[in-house]
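Asks: 3D model of this:
(one chain, ligands or ions: 1)
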Amino acid sequence: MNLPVFDINKVTTPCYVTEEKYLRHNAEILKSVSDRTGCKILLAQKAFSMYACYPLLKQYLCGTTASGLYEARLGYEMFGGETHVYSPAYDPAQITELAKYAGHFMFNSIRQYDLHKGALTGKVCGVRVNPRFSTQEGHEIYDPCAKGSRLGQTLEAFEKDVERYGLNGISGLHFHTLCEQNSDALKATAEEVERQFGKYLGEMKWINFGGGHHITRPDYDIETLCEVIEYFRDKYSLEVYLEPGEAVALNAGFLITTVLDVIGGDTDGENDIAILDTSAACHMPDVLEMPYRPTVLDSEFSTAGEAGAKPHSYRLGGPTCLAGDVIGDYSFDRPLKAGDRLVFCDMAIYSMCKNNTFNGMPLPTIYYNRDTGIEEVKRFGYEDFLRRI
Ligand SMILES: *Cc1c(COP(=O)(O)O)cnc(C)c1O
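Replies: Numbers count the residues shown, from 1 in each chain. Modelled structure (predicted):
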């Protein structure tokens with residue numbers, strides 16, 4: 001587990017702190033994969049777009065991928081290298097501007113490509129395919145292979161489009177079906193993609209394996225990942241792309257919060273409740289959406305336990321009016337009191353880029369702890385709230 005390198009008492013809360021040390025560690029692992037296999041790795045900005053870190057990341061990765069116009073512009077202006085974009089449908093009003101930033105366009109169907117190709121002379125264009133091969137259970141909202149998915153073409157739809165429009169102008173295929181998974185899931189998926197779409201791969205120049213690869217997790221099997229990349233590279237002479245988001249900034253950041261008050265639980269044995277100056281709904285929306293239970297540090301060296309595991313149990317909740325603005329039930333060695341600081345781990349990803357000002361909640365300050373010392377990157381105020389509504 002990664003612990004904060006900075007002094008948690010020297011920041012204003014709530015805040016996100018990204019650690020250069022951990023980010024670089026992740027980037028080095030990713031670069032070792034591209035060095036070994038020749039694949040190209042892009043940062044999926046939707047997970048992590050703290051552009052203060054781009055000068056570091058661009059030393060290791062070959063560019064960015066975007067989910068639309070603004071991310072594409074951010075990647076182009078702040079990161080450089082290759083800028084890729086995917087959208088389930090492009091807005092004709094944006095395509096010309098998008099073409100100023102992105103060099104690689106992923107389309108949701110050959111028909112979408114046909115609709116927009118006139119504005120995209122000289123661009124690299126590919127189609128997202130969907131093998132409808134699900135390797136995950138539970139999180140249907142994060143499963144592009146779920147029934148009725150709108151993300152990418154099934155073989156049947158793809159073949160109909162090939163008949164109608166041909167493959168002229170399409171130089172690659174893209175699939176993205178994983179979420180926080182190991183390379184066994186990639187291998188199974190890649191085999192299925194080959195079984196279905198293999199007959200088209202000979203005509204392609206590249207293939208993009210999407211994101212969802214938890215490459216920087218300690219138990220991730222990098223050997224298998226490399227084997228899958230090398231197989232497609234060698235058998236079909238393809239350039240292979242990966243576009244992880246999570247893996248780039250996994251465990252590289254923290255959210256620091258202060259306890260505002262502790263409320264006694266009811267007499268029927270419910271836990272005491274600690275109200276924090278941070279909110280699940282506003283500052284860590286994936287805790288509710290995914291949902292998941294973030295790791296909380298108890299002391300400098302240990303993590304808070306499940307409720308009841310340690311002497312002092314609390315439900316941790318936010319200060320908004322949403323009844324469900326609860327992060328979870330945790331237990332600590334010490335009793336919590338107003339003014340105490342708590343540390344939530346793994347908060348660089350899907351946090352800053354997803355937060356909101358519901359209830360008029362302030363946005364957390366953003367810090368970057370560089371090797372040379374901690375730096376305040378952004379501080380937000382009332383103006384930011386005003387501008388959003
Ligand atoms: C979300 C997404 C990614 C990044 O996924 P992670 O789980 O953050 O690695 C990459 N490509 C596409 C098309 C995505 O939708």
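
Asks: going forward, measure contacts and count neighbours with C-alpha atoms only.
Replies: Fine.

Asks: Phi, psi for residue 328 please.
Replies: Note on residue 328: its backbone torsions stand at phi 150, psi 180 [degrees, to the nearest 10].

Asks: For residue 99, which non-adjacent residue is closest in space?
Replies: Distances taken as C-alpha to C-alpha, 6 or more residues apart in numbering put residue 120 closest to residue 99, at 6.7 Å, once the chain neighbours are dropped.

Asks: what do you get for residue 264?
Replies: That would be residue 272: by C-alpha to C-alpha, 6+ apart, it lies 4.6 Å from residue 264.

Asks: Return the residues in contact with the one you found.
Replies: Residue 272 is in contact with 262, 263, 264, 265, 313, 314, 315, counting by C-alpha atoms under 8 Å, 6 or more residues apart in numbering.

Asks: so which of those comes closest to residue 199?
Replies: Within those, proximity to residue 199 (C-alpha to C-alpha) peaks at residue 315, which comes in at 54.4 Å.

Asks: helix, strand or coil for the closest one?
Replies: On the three-state scheme (DSSP: H, G, I helix; E, B strand; the rest coil), residue 315 is labelled strand.

Asks: ok, now which ones touch it?
Replies: Per C-alpha under 8 Å, 6+ apart, neighbours of residue 315: 271, 272, 273, 274, 326, 327, 328, 329, 330.

Asks: Among these, find me the one that's closest to residue 237.
Replies: residue 327 (47.5 Å).

Asks: tell me which element the closest one falls in.
Replies: Element membership for residue 327, per DSSP states H and E: strand 326-332.

Asks: Show me what that strand pairs with in its sheet, parallel or antiparallel.
Replies: strand 305-306 (antiparallel), strand 312-317 (antiparallel) (DSSP bridges).

Asks: Rounded mean pLDDT for stretch 248-256, please.
Replies: Summarised as a single mean, pLDDT over stretch 248-256 is 98.

Asks: From start to finish, how long is it in a straight line?
Replies: End-to-end span of stretch 248-256 (C-alpha to C-alpha, to the nearest Å): 21 Å.

Asks: how about it, does it reach the ligand?
Replies: No - Stretch 248-256 stays clear of the ligand (C-alpha under 6 Å from any ligand atom), getting no nearer than 8.0 Å.

Asks: contacts for that stretch?
Replies: Taking C-alpha under 8 Å, 6+ apart as the rule, stretch 248-256 contacts 1-2, 4, 8, 13-23, 26-27, 30, 43, 48, 216-217, 341-349.

Asks: before we move on, what about stretch 221-230?
Replies: With C-alpha under 8 Å, 6+ apart as the test, stretch 221-230 has contacts from 33, 36, 37, 39, 182, 183, 184, 186, 187, 190, 215, 240.

Asks: Ok, stretch 299-306 next?
Replies: Stretch 299-306 has contacts (C-alpha under 8 Å, 6+ apart) with 3, 295, 296, 297, 298, 310, 329, 330, 331, 332, 333.

Asks: Would you show me how to pick out the buried ones of those residues in ChimeraX?
Replies: Per 16 or more other C-alpha atoms under 10 Å, the buried members of those correspond to this ChimeraX selection:
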select :3,295,296,297,298,329,330,331,332,333
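
Asks: From the contacts of stretch 299-306, which shows the smallest pLDDT?
Replies: The lowest pLDDT within the contacts of stretch 299-306 belongs to residue 298, with 92.

Asks: Any idea which residue is closest to the centre of the protein?
Replies: Note on the chain: the residue nearest the mean C-alpha position is residue 47, at 2.6 Å, using C-alpha atoms, centre = their mean.

Asks: give the contact list for that one.
Replies: Residues counted as contacts of residue 47 (C-alpha under 8 Å, 6+ apart) are 245, 246, 349, 350, 351, 353.

Asks: so the longest strand seen in the chain versus strand 312-317, what angle?
Replies: With secondary structure taken from DSSP state E, the chain has its longest strand at strand 253-263. Interaxial angle of strand 253-263 relative to strand 312-317 (axes from the mean of the first three to the mean of the last three C-alpha atoms, to 10 degrees): 110 degrees.

Asks: next SSE after strand 253-263?
Replies: Scanning onward from strand 253-263 (DSSP H and E), the first element met is strand 272-276.

Asks: Give the pairing partners of that following strand; include direction for each.
Replies: Strand 272-276 has these strand partners (DSSP bridges): strand 253-263 (antiparallel), strand 312-317 (parallel).

Asks: Give me the neighbour count for residue 277.
Replies: Neighbour count for residue 277, taken as other C-alpha atoms under 10 Å: 22.

Asks: pLDDT value on it, please?
Replies: With respect to pLDDT, residue 277 scores 98.

Asks: so how far is residue 14 from it?
Replies: For residue 277, the distance to residue 14 - C-alpha to C-alpha - is 6 Å.

Asks: Show me the common contact partners of those two, please.
Replies: By C-alpha under 8 Å, 6+ apart, the residues touching both residue 277 and residue 14 are 257, 258.

Asks: Just the buried residues of the contacts of residue 47.
Replies: 245, 246, 349, 350, 351, 353.
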